[in-house]
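Colleague: This is a predicted model, with the sequence first.
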Amino acid sequence: MLELLFLLLPVAAASGWLVARKGLARRAAAGGEPDPAYFRGLNYLLNEQPDKAIDAFCRLIEVNSETVETHLALGNLFRRRGEVDRAIRVHQNLVARGNLSAEQRGYALLELGEDYLRAGLFDRAENLFRELVELGLHQRRALIGLREIFEQEKEWEECLHVARELSSLTGEVMGPEIAHYHCELAEEARRKGDAEAAWSHLREAQMTDEHCVRASLLEGQIEMERGDLPAAAKCLRKAERQDPAYLSEIFPVLLLIYRRLGDREAMIDELMKLYRRREDPLVMQAVAELIREDQGPAAAATFVAEHLKHHPDLAGMERLLSLGVELSADEGVWCNRLDLLLQATRQLLEKRPAYQCHHCGFAARRLHWQCPSCKHWGSVKQVPSNGSVNWGSSSNRAG
């Protein structure tokens, strides 16, 4: 409660000044006394009695509508502290008053909608946000609230509608978000076996955001399910050009396709081109494995060591040490020491997050198309120089 008091004191001081200037001054001029309810409410807060403070402030508003800002601030502070039930009480009391201006009522409705949203009462929050949009009050914040509700409820068609309305209202570029909503709808259609609807949504996603890697990955998955491996590889190569930060999702599937096609020469040629273009640890490890298969571990170790000279990273060290263990298998002591180094390096790799949100810094072990922390779409990407390939099998982990 002490934290709340420190936060509330500036609000109380400003509100007290406002009341003194507008309300108390008029009553003093008329010979009246200042209403003690305001100061009694502050006293309850100082004595850590928030429920009594709420009651005092609610009684105060019945006789003095000029303290609306104080109530709004108090309810907002309760919500920020996680005391949503108290925030709802304060804001419900405001909305129930008939002596508020349209602007004051709009603020009260908005704050109450935010309370309901925080409490998980989505139906009530949705009704209030829709009312604000219809009234033309606080439309941007109301639409953002509606979008958050529909995202949590996975109502992707509604998300599309709100995103377009928000873009039209504010001029904000909503292309990436709209593309992800189409991808979500494509995923649903794909699960239901409606390939035509899935393709339609993926085309819309690509038209809305030409850099939508997720749409290209989904197209590749659908082509693989249809058995058209060359078309699937084309989709994945397109995804790599769109954003190489998703190479950890693209490359294992691309490698699997090349192995299934059985054209080893084409696979090696494609991998070398990709390595020269990106010099990514994932691609380096794949090339090293091919060199090991064709020329032996010594040649592969030479290739990895050359890579590490220019691009030092833990994934490269791990691969070089694994090759070193293989080469020194007959040398007893050195093999054991290299194996210890290999295990330590692998433990360091395991502790590092594989993905991180470029917007808020949220770290994750797997890909999230929408950041669980800041709710941004397409901001969680591979952490540079932290790639590894499971040589036993490759599968697409995206989605």
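Modeller: Done, it's in.

Colleague: For residue 225, list the residues it contacts.
Modeller: Residue 225 makes contact with no residue, according to Cβ atoms under 8 Å, 6 or more residues apart in numbering. Where C-beta positions appear, they are placed from N, C-alpha and C, glycine not excepted.

Colleague: any idea of the pLDDT on it?
Modeller: On pLDDT, residue 225 comes in at 90.

Colleague: check which helix or strand covers it.
Modeller: Assigned by DSSP states H and E, residue 225 belongs to helix 213-226.

Colleague: Same question for residue 142.
Modeller: Counting by DSSP H and E, residue 142 is found in helix 139-152.

Colleague: which parts of that helix are buried?
Modeller: Buried residues in helix 139-152, counted by 16 or more other Cβ atoms under 10 Å: 139, 142-143, 145-151.

Colleague: Dump those residues into TSV; add pLDDT and distance to residue 290 as well.
Modeller: As requested, the buried residues of helix 139-152 are exported to TSV (pLDDT from 0 to 100; distance: Cβ to Cβ, whole Å):
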residue	pLDDT	distance to residue 290
139	95	57
142	97	56
143	97	52
145	96	52
146	97	52
147	96	47
148	96	47
149	97	50
150	97	47
151	96	43
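
Colleague: can I get those in a markdown table with distance to residue 365?
Modeller: Below are the buried residues of helix 139-152 laid out as a markdown table (distance: Cβ to Cβ, whole Å):
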| residue | distance to residue 365 |
| --- | --- |
| 139 | 39 |
| 142 | 36 |
| 143 | 33 |
| 145 | 31 |
| 146 | 32 |
| 147 | 27 |
| 148 | 25 |
| 149 | 28 |
| 150 | 28 |
| 151 | 22 |
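
Colleague: Identify, from these, the entry nearest to residue 260.
Modeller: residue 151 (36.4 Å; Cβ to Cβ).

Colleague: residues contacting the closest one?
Modeller: With contact set as Cβ under 8 Å, 6+ apart, residue 151 has these partners: 159, 370, 375.

Colleague: So among these, where is pLDDT lowest?
Modeller: residue 375 (89).

Colleague: rewinding a little: may I see the buried residues of the next helix or strand after the helix holding residue 225?
Modeller: Using DSSP H and E, the helix or strand that follows helix 213-226 in sequence is helix 229-242. With burial defined by 16+ other Cβ under 10 Å, the residues of helix 229-242 counted as buried are 229, 231-240, 242.

Colleague: Quick one: list the elements packing against helix 229-242.
Modeller: If you count contacts as 3 or more Cβ pairs under 8 Å, 6 or more residues apart in numbering; DSSP states H and E, helix 229-242 packs onto helix 213-226, helix 247-261.

Colleague: Including distance to residue 319, could these go into CSV?
Modeller: Formatted as CSV, the helices and strands packed on helix 229-242 follow (distance: least, Cβ to Cβ, whole Å):
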stretch, distance to residue 319
helix 213-226, 26
helix 247-261, 15
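
Colleague: From the buried residues of helix 139-152, pick the one nearest residue 172.
Modeller: residue 143 (10.2 Å).

Colleague: Could you measure from residue 104 over to residue 145?
Modeller: According to Cβ to Cβ, to the nearest Å, residue 104 stands 19 Å off from residue 145.

Colleague: Then residue 371?
Modeller: 18 Å.

Colleague: Next: residue 113.
Modeller: Taking Cβ to Cβ, one finds residue 113 at 6 Å from residue 145.

Colleague: intersection of neighbour lists for these two?
Modeller: Counting by Cβ under 8 Å, 6+ apart, the residues touching both residue 113 and residue 145 are 125, 129.

Colleague: Let's have the buried residues of helix 229-242 in CSV, adding distance to residue 314 and pLDDT.
Modeller: CSV is the format used below for those (distance: Cβ to Cβ, whole Å; pLDDT from 0 to 100):
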residue, distance to residue 314, pLDDT
229, 33, 94
231, 35, 95
232, 31, 95
233, 29, 93
234, 32, 94
235, 30, 95
236, 26, 94
237, 27, 92
238, 30, 94
239, 25, 94
240, 23, 91
242, 27, 93
